[in-house]
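Q: task: produce atomic coordinates for the following.
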Amino acid sequence: MKEAAGEANLTVVAIILIAVIVAVATPLISNLMKSSASKSCCTDAGGVWVGGTCSDPQNGMYSEEAWKSCVTAAGQTTD
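A: Predicted coordinates:
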């Protein structure tokens, strides 16, 4: 009977550890995906991603309207 109780305790510990790892990893992955979407939209609009914002590289190819439209369609904000 002691062995069964020990295995049950180990299972509970494993479940708790998995839950903690998921709770920590989820926001990190979510933030990474949002950042990646914004960078991709910036590149598609002809811009350059610098310092967390989409910048005009002064090459005549950048469209801020296209970038904002893409970011909005991806469910992000243009802040």
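
Q: from here on, just use CA atoms for contacts and neighbour counts.
A: OK.

Q: residue ranges for the helices of the protein, please.
A: Along the chain, the stretches classed as helices by DSSP state H are 2-44, 64-73.

Q: make CSV from those helices and add mean neighbour count and distance to Thr53 to it.
A: Shown next, in CSV, are the helices of the chain (neighbours: other C-alpha atoms under 10 Å; distance: least, C-alpha to C-alpha, whole Å):
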stretch, mean neighbour count, distance to Thr53
helix 2-44, 13, 8
helix 64-73, 16, 11
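
Q: out of those helices, which gets nearest to Gln58?
A: Closest to Gln58 of the helices of the chain is helix 64-73 (C-alpha to C-alpha; 12.1 Å).

Q: what's the average pLDDT for that closest one?
A: In this model, helix 64-73 has a mean pLDDT of 87.

Q: give me the distance from that helix to the chain's centre.
A: Here helix 64-73 is found 18 Å from its chain centre; the criterion is C-alpha atoms, centre = their mean, to the nearest Å.

Q: export the helices of the chain to JSON lines and tack on distance to Cys54?
A: Shown next, in JSON lines, are these (distance: least, C-alpha to C-alpha, whole Å):
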{"stretch": "helix 2-44", "distance to Cys54": "6"}
{"stretch": "helix 64-73", "distance to Cys54": "8"}
